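Chemist: structure, please.
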Amino acid sequence: MRDATRSARSLALVVVSTAIALSAVTVRAAECEPRDLPAFDDAAAWKHGPLSKLKRDTQYRVESDGEQKVLHATADGSASAWVYLKRTDLTATPMLQWRWRVPKLIAGAANEDPKREDAPVRVIVGFDGDKSKLPDKEQRYFERIKRLTGRDMSYAMLMYIWDNRNPVDMIVPSAHTSRVKMIVVESGPSGVGAWREYRRNVVQDFERAFGEKPGAVLGFGLMTDTDNTGETTEGFYGALRLGCAN
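Modeler: I've put the predicted structure just below:
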């Protein structure tokens with residue numbers, strides 16, 4: 001069971017990635033028109049994304065924060081995601097805007113350590129691309145994941161995280177695959193308890209993390225996870241918005 005649990009963790013981010021990759025319709029914008037992603041309680045848009053039958057699910061519920069709706073995630077030794085599956089062209093709207101709030105950090109978390117890779121909040125972007133150009137090692141990994149899960153893994157995944165100690169803007173590679181990169185956008189306890197707002201150029205971040213231009217976005221995900229550390233934590237997410245570069 002211990003080996004099975006470790007194997008399940010190694011596939012956790014992959015399962016989120018494959019869930020994101022299920023979209024088929026592309027949204028294109030010839031000119032920049034900023035737009036909000038659907039509300040978190042839109043059942044036709046956002047779905048709960050379990051990671052493994054061997055893991056407990058993080059609990060997600062939509063709550064009111066003044067006049068706005070927010071997503072409240074509660075993790076207790078658990079890991080699962082809240083996922084929006086929509087193929088999107090970011091050429092005109094490369095800026096991803098969001099806000100989140102963390103009541104406390106995960107004391108034992110360290111995203112560079114696969115045994116402690118947990119985060120109180122993550123904003124995830126999945127990308128399409130030509131997998132045939134990847135090294136043989138990655139392609140074999142993709143094939144193994146498809147045999148195990150029955151689903152294709154997306155070409156690449158970018159995660160924005162709140163980290164305990166690594167510096168802001170550091171790129172933390174996943175220990176499981178080179179096709180997942182984490183970017184630290186908040187670090188340490190300063191700001192804990194308050195709403196923090198972000199505006200990131202996803203195209204530029206992808207190019208810096210992967211050394212290539214991104215394909216279409218396959219979808220977006222939010223994840224609060226403590227399955228490695230076994231701790232409890234909460235995360236609150238505000239609405240996501242795509243905006244213009246200028």
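Chemist: secondary structure class of Ile190, three-state.
Modeler: Not quite, residue 190 is Ser, not Ile. Secondary structure for Ser190, judged by DSSP: H, G, I helix; E, B strand; the rest coil, is coil.
Chemist: please name the residues that touch Ala209.
Modeler: Each residue near Ala209 by Cβ atoms under 8 Å, 6 or more residues apart in numbering is listed here: Leu158, Ile171, Lys181, Ile183. The way it works is simple: take the backbone N, C-alpha and C, and place the C-beta from them, glycine included.
Chemist: mind redoing it with 6 Å?
Modeler: Applying Cβ atoms under 6 Å, 6 or more residues apart in numbering to Ala209 gives the contacts Ile171, Lys181.
Chemist: confirm that it sits in a helix.
Modeler: Yes - counting by three-state DSSP, Ala209 is part of a helix.
Chemist: quick one: the helices in the protein?
Modeler: Listed in chain order, the helices found in the chain under DSSP state H are 2-20, 136-149, 202-210.
Chemist: distance of the spatially most central residue of the chain from Pro50?
Modeler: Residue closest to the mean C-alpha point of the chain, counted by Cα atoms, centre = their mean, is Ile124 at 2.2 Å. Ile124 sits 15 Å away from Pro50, going by Cβ to Cβ, to the nearest Å.
Chemist: and Gly66, by the same measure?
Modeler: Separation of Gly66 from Pro50 (Cβ to Cβ): 31 Å.
Chemist: more neighbours: the two, which one.
Modeler: Comparing Gly66 with Pro50 by other Cβ atoms under 10 Å, the one with more neighbours is Pro50, at 16 against 6.
Chemist: contact partners for the more buried one?
Modeler: By Cβ under 6 Å, 6+ apart, the contact list for Pro50 reads Asp57, Ser80.
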